[in-house]
Structure formats: structure tokens, C-alpha cells
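> show me how the following folds:
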Amino acid sequence: MVAYIGLGSNLGHRLQNLEWAAKQVIQMGFPILKVSPIYETPALLPPKALEGWNRPFLNAVLKIQCHQQTPEQLLFLLKKIENQMRREDSTKWAPRVIDLDILLFNKEIVYSSELRIPHPELIHRNFVLTPLKELEPSLIIPPIGYYKEKSIKKSYTALEYFRLLKSKLPTWMHILNVTPDSFSDGGELHLSKFVSILRKISDNYIHIIDLGAESTRPGAIPISSEEEWQRLRPYVELFFRFYKDKIFRPKLSVDTRYIKTARKALDKGVDIINDVSGLSNGMIDLLKSTEAEYILMHSITVPADRTKTLPMNKDPVNEIKKWLKEKVSILKKENILLDRVIFDPGIGFGKTADQSLEILKRIHEFYCFPLRVAVGHSRKSFMKLFSSDKPKERDPESAGISVSLVEKGVDILRVHETDFHARVMKGFLS
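Numbering: from 1, shown residues only. A predicted model of the protein is given here:
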């Protein structure tokens, strides 16, 4: 049996509160199977809230293993953890050191004076649905209206419910290039700076770090898998030393098209393989031997070649949808769970500036596939259509596009200055 637990804190040292509560869950006999990223969100407030209540929350979701415990027994133990952490004010909406909620318990439906499962507000709260769908996108949420109206309604997945939210939260992927020749930040990242960067990323609650060691810009010179891993390895190892013994940390992604590099990265504990080749390098065999997540990116050539693009006389979105349909068919045939797969339309890779802009405007048309969607638009050359700035100076334009993509429901935004983008987004979420 499994249960999904929502955690929240907006009082004291919020991250330490989440860590301590999660470790208490383990000590009480519930192994943690999966951990979501942490999301910072404004507090829900009633009209005329008391002064001091407007404190932002940190939120996350745990998937835990239950044995013979009933939902009521699990609730009792979670309340015990809350009491141990001296959660004093139980008033609804009041700030709290910790908040622990049972969101789901297997496929059970519970309706009592003390407990309701599924959690009745689960499908309406972005700070619950966002970490839940990042944890398990295809998780079926039982019909929440069933126990009230005694009539079975259609079940939706966590990802489908996320798409229905009016206000969505982005998952931020921070680009870190360990390359001397990337188009906007080549040669800037050094191992001596990496710890300070990780601290900054942790302080801003960034969800994914994407390490790349081979430039894929137009005209870039390809490197071997051996050279790529030689560049990547020190950063991967330092990342896991930095987060040693931590339950909550960003996911680590490695941007590579080489199977050898991907395999070495996964052996070190990397969470995501970001494959710019889109399965063209035989990566499917590696996926069958791991449970890691995988970013499936559309591209025409790697490195990008401005002379080779999608046909000018055809609809770029429809062309990519045809490609994606073929790739999804391959993944299903090989029994690869689509929960693990994230689709990236590959802005700038085999697309003209106009085609890239058209894809961004119509990104929602890819939601017919049961996949999370990631977009890497940051500082890209298509912005020359409306900006004369150099790549490194395009963060304001990039952030504006990020806001639009979040409103359209894009799951993951791959950007260079995540703290800048997150600050811009806070103004829209407050």
C-alpha cells in the first residue's frame, strides 16, 4: 500500500521543518518511495486575515510505503509529528511550523468527520497538484465527488487535473553549461564556483539543475563522450556531496546525446537524461535498464544547423506532433512508462525564428499527449524577431515568454537565470 502526503511550512526555518518532518515519517516506519521538488507559494488567506499571516509557504509531496496501517492510523501518526514540532495554532489559515495532509491512500475513498480521502481540496490547489504531478504524472485521482453525491464521476490523472488549474506553478530547470563555447555563457562555470551556485539554487528553491558539457549551438564542434564525461564528472560528484543526507534537493539532469555519458551519469545517481537527439542515438536501450526520467527533444540536426529546418510549406506544430506520435509509439512498444518521459519541442533546433515563435504560441496543442512538456526558450536566437540585444542580455524577454508559457500550462521551463525568472513570476502568483 502507498500513500501520498502533502507537507507545508511557513513559519521558522521552513526547509529544515520539511526535512525534519520527512525524517520523522521514516522513523515511524514509513519508507519514502519518492520525493517531489519543493515549491514556494503565497499563503492562502481569508478575508481580513490577521497581521503576520501573509507568509509564503514551502510545499512538497512524499510518496510513502504503508504496511498494515489504516488511513486513520496514518493520520494519528502524522498528527503526532505535528505535535512534536510544536504546531501550536490550529486555526485554519494561520501560519504553521508544519502541515501534514494525507492526499491519497491507495485508491481508497474515506469520508468521515476526521478524515477525507482524497483530500477534498487536492484538485484545486496548485501547491499540491504541481509537486504531485511532477512526482507521478499519470497517477489516477479517484472521483472526489463520489462520496458526497454517491455517483461515480470520471477519474483524471494528476497531470490532467494540473492542466485544468486556473493558476499554475512552473517547475524551473536551471541551465549550467560546463563548456567553453556555449552560445551565451560559454566558459563561465568553474568548479570553484559550483558550491556557491548550489547554495543560491537551494535558497531560491529551484527544482532541476541541467548540466551540459557539449555545446549544441550552430557551428559548434562536437566532442567525444569521453571528453564530455571528463568535464561533467567533477560537477556531478560535487552535487551529490553537497546534498548528502538531504531528503529534499533539486533533481539533477545531464544534457547529453551519448549513451556512454548517460550511463555513467545514471550510475552516479543522476535523475534525468536530457537527450537532444530525441532517441536517435539508440537511447531506448538505456531507458529499458533504468527508471530515470528522460527528456525527449525534437531536433533536425545536432549541433543545430540553420540551413536545415522543418519544411517551410508545412505546419511546424503538426510536423512535430507526427514525430512525437512515432516516438511515443516506440516508447510504448518497449514498455517505457510515459511518466518518466518529458517532451521538449526543441526551440531553435531545426526551426526558423518564425517557426519557433509559432510553436511557443501553440504549445498547448501538444497536451493531447500524456507527457509533461518542457521548453528551453531562454536567450534563443528567435528573439531577434523582436530584440536586438545580445544573447546574454535577453533575460527580460526570456522571462516575459516564461510568464506566457506558465499561463499556457507548460510544466518545465529550462532557463539560464532561474532566480530572475522566479522573481518575475512571483508578481503574477501573489
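
> just for this protein, where's the confidence low?
87-90, 144-153, 181-189, 216-220, 303-304, 429-430 (pLDDT under 70).

> mind listing the helices for it?
14-27, 71-84, 126-135, 146-149, 158-164, 191-203, 225-242, 259-267, 283-287, 316-333, 353-361, 395-408, 418-429 (DSSP state H).

> quick one: the third one to chain centroid distance?
In this case it means helix 126-135. Offset of helix 126-135 from its chain centre (CA atoms, centre = their mean, to the nearest Å): 9 Å.

> for it, packing partners?
strand 2-9, strand 39-41, strand 57-65, helix 158-164 (3 or more CB pairs under 8 Å, 6 or more residues apart in numbering; DSSP states H and E). Every C-beta, even on glycine, is put in place using the N, C-alpha and C of the backbone.

> at 6 Å instead, please
Helix 126-135 sits against strand 39-41, strand 57-65, helix 158-164, with contacts defined as 3 or more CB pairs under 6 Å, 6 or more residues apart in numbering; DSSP states H and E.

> next: the second one.
When contacts are defined as 3+ CB pairs under 6 Å, 6+ apart, helix 71-84 sits against strand 99-105.

> now with 7 Å?
Helices and strands touching helix 71-84, by 3 or more CB pairs under 7 Å, 6 or more residues apart in numbering; DSSP states H and E, are helix 14-27, strand 99-105.

> one more: the first one?
For helix 14-27, the contact count by 3+ CB pairs under 7 Å, 6+ apart identifies strand 2-9, strand 32-35, strand 57-65, helix 71-84 as packing neighbours.

> so what's the most centrally placed residue in the chain up against?
The residue lying closest to the centre of the chain (CA atoms, centre = their mean) is T171, at 4.3 Å. The contact partners of T171, by CB atoms under 7 Å, 6 or more residues apart in numbering, come to 37, 134, 207-208, 411-412.

> residue contacts, F105?
F105 sits in contact with 3, 71, 117, where contact means CB under 7 Å, 6+ apart.

> wait, the second one touches I102, no?
Yes: applying CB atoms under 7 Å, one finds P71 in contact with I102, separated by 6.3 Å.

> hmm, back to that, quick check: which of the helices and strands packed on helix 126-135 is nearest to K314?
Within the helices and strands packed on helix 126-135, the stretch nearest K314 is helix 158-164; the backing value is 27.0 Å (CB to CB).

> quick revisit: need the winner for burial among the helices and strands packed on helix 126-135.
strand 57-65 (a mean of 22; mean count of other CB atoms under 10 Å).

> how about stretch 410-429: buried residues?
410-422, 424-425, 429 (16 or more other CB atoms under 10 Å).

> that should have said stretch 4-14, apologies.
4-11, 14.

> need the max-distance pair from those residues.
Y4 and L11 (23.3 Å).

> distance to I98 for the helices and strands packed on helix 14-27 - can I get that in JSON lines?
Below are those laid out as JSON lines (distance: least, CB to CB, whole Å):
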{"stretch": "strand 2-9", "distance to I98": "5"}
{"stretch": "strand 32-35", "distance to I98": "16"}
{"stretch": "strand 57-65", "distance to I98": "10"}
{"stretch": "helix 71-84", "distance to I98": "6"}
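
> related to what we said a few turns ago, can you work out which residues contact both of P71 and I102?
I117.

> just the terminal-to-terminal distance for stretch 43-51.
13 Å (CA to CA, to the nearest Å).

> residues touching it, excluding its own?
10, 53-57, 93.

> redo that, cut-off 10 Å
8, 10, 53-57, 91-96, 121, 125, 127 (CB atoms under 10 Å, 6 or more residues apart in numbering).

> of the residues you listed, select the buried ones using a PyMOL command.
Filtering these down to the buried ones (16+ other CB under 10 Å) takes a single PyMOL command:
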select buried, resi 8+10+53+57+94+95+96+125+127
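
> ok, so of the contacts of stretch 43-51, who is nearest S224?
For the contacts of stretch 43-51, the nearest to S224 is F127 (43.9 Å; CB to CB).

> contacting residues around that closest one?
6, 8, 39-44, 57-61, 167, 169, 429.

> mind doing that once more with 6 Å?
By CB atoms under 6 Å, 6 or more residues apart in numbering, the contact set of F127 is 39, 41, 59.

> now tabulate the residues you listed in TSV and tack on distance to A22.
Shown next, in TSV, are those (distance: CB to CB, whole Å):
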residue	distance to A22
Y39	15
T41	19
N59	13
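
> you'd agree N59 is up against I38?
No: with contact defined as CB atoms under 6 Å, N59 does not reach I38; the gap is 7.0 Å.

> hang on, the earlier thing: what's the most buried one of the helices and strands packed on helix 71-84?
Comparing these by mean count of other CB under 10 Å gives strand 99-105 as most buried, with a mean of 22.

> strand partners (parallel or antiparallel) of that strand?
strand 2-9 (antiparallel) (DSSP bridges).

> starting at the chain centroid, how far to the strand it pairs with?
That offset, for strand 2-9, works out to 17 Å (CA atoms, centre = their mean).

> just the C-alpha atoms of it, please, in CSV.
Extracted C-alpha coordinates of strand 2-9, given in CSV (Å, rounded to 0.1, in the frame of the first residue of the first chain):
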residue,chain,number,x,y,z
VAL,A,2,1.1,3.5,-0.7
ALA,A,3,0.0,7.0,0.4
TYR,A,4,0.8,10.5,-0.8
ILE,A,5,1.5,13.1,1.9
GLY,A,6,1.4,16.8,1.4
LEU,A,7,3.9,18.9,3.5
GLY,A,8,3.8,22.6,4.1
SER,A,9,5.6,25.1,6.3
